[in-house]
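# what's the 3D shape of this:
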Amino acid sequence: MSKQSEAKKLQGYTPKAVLPVCANCASFKFDLTAELVGVFGDKYQREVNLRCAAGEFAVKKMGTCANFSLK
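Residues are numbered from 1 along each chain as shown. Got it, this is the predicted structure:
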């Protein structure tokens, strides 16, 4: 192992942070809608009706709460 790899392991380095946000939460639910877009009729799926299954209320993807549990 190189010095750099050892230092990363020692510090617990992760290249991308996993933030406690609604989009990463097990209680995050949404509905997908299929829409036709463009001249060629390409399908595009959009997430709508973003909500928390635990509390049954509307949320934003980057919101957070004390009851977060990672998917």
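
# tell me the contacts of the residue nearest the centre of the chain?
When the chain is reduced to its mean C-alpha position, the nearest residue by CA atoms, centre = their mean turns out to be residue 23, at 3.1 Å. Residue 23 sits next to 61-62 when contact means CB atoms under 8 Å, 6 or more residues apart in numbering. All C-beta spots, glycine's among them, are computed from the backbone N, C-alpha and C.

# am I right that it is in a helix?
Yes - when classified by DSSP: H, G, I helix; E, B strand; the rest coil, residue 23 is found to be part of a helix.

# flag the shaky bits of the chain, pLDDT-wise.
Within the chain, the set of residues satisfying pLDDT under 70 is empty.

# what do you get if the cut-off is 80, keeping everything else the same?
Along the chain, segments meeting pLDDT under 80 span 1, 14-18, 37-41.

# please, where are all the strands along it?
Taking DSSP state E as the test, the strands found in the chain are 28-37, 42-52, 57-58.

# list the neighbouring strands of the first one plus their orientation.
Each strand pairing with strand 28-37, determined using DSSP bridges, is listed with its direction: strand 42-52 (antiparallel).

# got it, and the last one?
Within its sheet, strand 57-58 is paired with strand 42-52 (antiparallel), according to DSSP bridges.

# how about residues contacting the strand it pairs with?
Residues outside strand 42-52 that contact it (CB under 8 Å, 6+ apart) are 22, 25, 27-37, 57-61, 65.

# now that strand: buried residues?
Residues of strand 42-52 classed as buried: 50-52 (neighbour count, 16 or more other CB atoms under 10 Å).

# as a markdown table, the residues you listed with distance to residue 70 would be great.
Formatted as a markdown table, these follow (distance: CB to CB, whole Å):
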| residue | distance to residue 70 |
| --- | --- |
| 50 | 18 |
| 51 | 18 |
| 52 | 15 |
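
# picking up where we left off before, now, of the contacts of strand 42-52, which are buried?
With burial judged by 16+ other CB under 10 Å, the buried subset of those is 22, 25, 27-29, 59.

# name the nearest of the residues you listed relative to residue 8.
Closest to residue 8 out of those is residue 25 (27.6 Å), distances taken as CB to CB.
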